[in-house]
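Asks: this is the structure alone, sequence omitted:
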């Protein structure tokens, strides 16, 4: 097959961030070694099933991949090299600012990592406390220095809309981030899901109810929708003035530093995801692994196939994901991929958004307007098949 992108999920974290709804698990889990063995098994099987494909971009996410030990990183690297042709143009690992040391960074670089996505979330002590983060504000600058010392690119993640955050505090976070001169910045609104996710089963102790209460309390202390929109506009203006290109709804980069791996997602390309909770998109079909470690281990032990997504609609998904990008949805290219009837359906669905000022159409390219970026879900919902509007709009808005 042609070249693909590869996502590898390492779920382990030193502590649980109460807002996070990704597939995570305690770093001290008794299932840790079993999980890493199962992950290597899955990698080997998938590589063989796909006839050892070429991998152009790699993304190791979590969880907190940066906290696994150098020997565990080396074992993962060996499994990947055995299963795939790693012709990497870009390779990213996610990291917590407090879990990086030189030995781990060297092990990741030996695997082929070229960039580190650093979960700073805030550079404000009050912000970190409000988000339940365990690292300190000063850890981020030290981590950036360590990453740069090995010649790796830096991406910073920030969260806005945390309880009690003011516009001034957000400007300070943005200013502090810009001062660190990252190659790439992601700015995400704090979203608080009040429904339990599969990965709740991975965390012993107080469990879901304490997390639900935290999220409910945090949501009550957030700014309203108008306030969130104001914070988003502050990010747009501030980062543009600092020379960052707003290339995707939540992502900014210096020219040439856009995340190539994530562009594969937004262009609805081909990628394989391995590990708990990982999603794949191959040959137009979406599928996933379960987020609970025990369910994932049972699935790998049984050599069971990934769980198919029955609501996947490649035509609609491609259109929605493309609109997240500043390059927009090229309807001529879309016709080449899906045919003229599909373009006619998309044009009809976009017409109302154009009339509302949420989308502009220039020479067969549809793009979100500044107002449309704030109300993207209103555009996306109109592109969905009628029978899966509620479910798919939430999934694609978070991709």
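Replies: Yep, it's here. Just so you know, these numbers come straight off a predicted model, no measurement behind them. Residues are numbered from 1 along each chain as shown.

Asks: residue 155 belongs to a strand?
Replies: Yes. Counting by DSSP: H, G, I helix; E, B strand; the rest coil, residue 155 falls inside a strand.

Asks: could I get the full set of strands for the stretch 201-350 of the chain?
Replies: Listed in chain order, the strands of the stretch 201-350 of the chain (DSSP state E, counting those that start in this stretch) span 245-248, 251-253, 271-274, 279-282, 285-288, 307-308, 329-330.

Asks: quick check: residue 113 vs residue 123, distance?
Replies: The gap separating residue 113 from residue 123 is 24 Å, by Cβ to Cβ, to the nearest Å. Every residue, glycine included, has its C-beta placed from N, CA and C.

Asks: what do you get for residue 145?
Replies: According to Cβ to Cβ, residue 145 and residue 123 sit 15 Å apart.

Asks: looking at those two, which one has more neighbours?
Replies: Comparing residue 145 with residue 123 by other Cβ atoms under 10 Å, the one with more neighbours is residue 123, at 24 against 11.

Asks: what phi and what psi does the backbone show at residue 159?
Replies: phi -120, psi 130 (degrees, to the nearest 10).

Asks: pLDDT score assigned to it?
Replies: As predicted, residue 159 sits at a pLDDT of 98.

Asks: what pairs with the closest residue to it other than its chain neighbours across the strands?
Replies: Nearest residue to residue 159 in three dimensions, chain neighbours excluded: residue 121, at 4.7 Å (Cβ to Cβ, 6 or more residues apart in numbering). Listed by DSSP bridges, the beta-bridge partners for residue 121 are residue 158.

Asks: contacting residues around residue 121?
Replies: Shown in contact with residue 121 (Cβ atoms under 8 Å, 6 or more residues apart in numbering): 127-128, 131, 133, 157-159.

Asks: mind putting the strands of the stretch 201-350 of the chain into TSV with mean pLDDT and distance to residue 47?
Replies: Shown next, in TSV, are the strands of the stretch 201-350 of the chain (pLDDT from 0 to 100; distance: least, Cβ to Cβ, whole Å):
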stretch	mean pLDDT	distance to residue 47
strand 245-248	98	30
strand 251-253	98	30
strand 271-274	98	9
strand 279-282	98	13
strand 285-288	97	17
strand 307-308	98	20
strand 329-330	98	33
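
Asks: of all these, which lies closest to residue 350?
Replies: Comparing those against residue 350 with Cβ to Cβ, the closest turns out to be strand 329-330 (8.2 Å).

Asks: what does the closest one contact?
Replies: For strand 329-330, contacts defined as Cβ under 8 Å, 6+ apart pick out 319, 322-323, 346, 364-367.

Asks: looking at those residues, which one is closest to residue 16?
Replies: residue 323 (33.3 Å).

Asks: my understanding was that the closest one contacts residue 378; is that so?
Replies: No. Shown here, residue 323 and residue 378 do not form a contact pair, counting by Cβ atoms under 8 Å, at 11.5 Å.

Asks: between those two, which one's more packed in?
Replies: residue 323 (26 against 16).

Asks: give me the nearest residue to residue 204, chain neighbours excluded.
Replies: Once flanking residues are discounted, residue 204 sits nearest to residue 26: 7.6 Å by Cβ to Cβ, 6+ apart.

Asks: just the pLDDT at that neighbour, thanks.
Replies: pLDDT, residue 26: 94.

Asks: my guess is it contacts residue 13. True?
Replies: Yes. Between residue 26 and residue 13 there is a contact under Cβ under 8 Å: 6.9 Å.

Asks: I'd like to know how far residue 233 sits from residue 374.
Replies: Distance of residue 233 to residue 374, given as Cβ to Cβ: 8 Å.

Asks: between those two, who's got more neighbours?
Replies: Higher neighbour count among residue 233 and residue 374: residue 374, with 18 against 14, using other Cβ under 10 Å.

Asks: what does the more buried one show for phi and psi?
Replies: In terms of degrees, to the nearest 10, the main-chain angles of residue 374 are phi -70, psi -30.

Asks: I'd assumed residue 229 was in contact with it.
Replies: Yes. Contact criterion Cβ under 8 Å: residue 374 and residue 229 qualify, at 5.2 Å.

Asks: number of residues surrounding residue 251?
Replies: The tally of other residues near residue 251 (other Cβ under 10 Å) stands at 24.

Asks: what's the closest non-adjacent residue to it?
Replies: Per Cβ to Cβ, 6+ apart, closest to residue 251 is residue 186, 5.1 Å.

Asks: and the helix or strand where the one you found lies, how far out from the chain's middle?
Replies: Using DSSP states H and E, the element containing residue 186 is strand 184-189. Relative to its chain's centre, strand 184-189 lies at 10 Å (Cα atoms, centre = their mean, to the nearest Å).

Asks: with stretch 293-301 instead?
Replies: On Cα atoms, centre = their mean, the centre of stretch 293-301 falls 23 Å from that of its chain.
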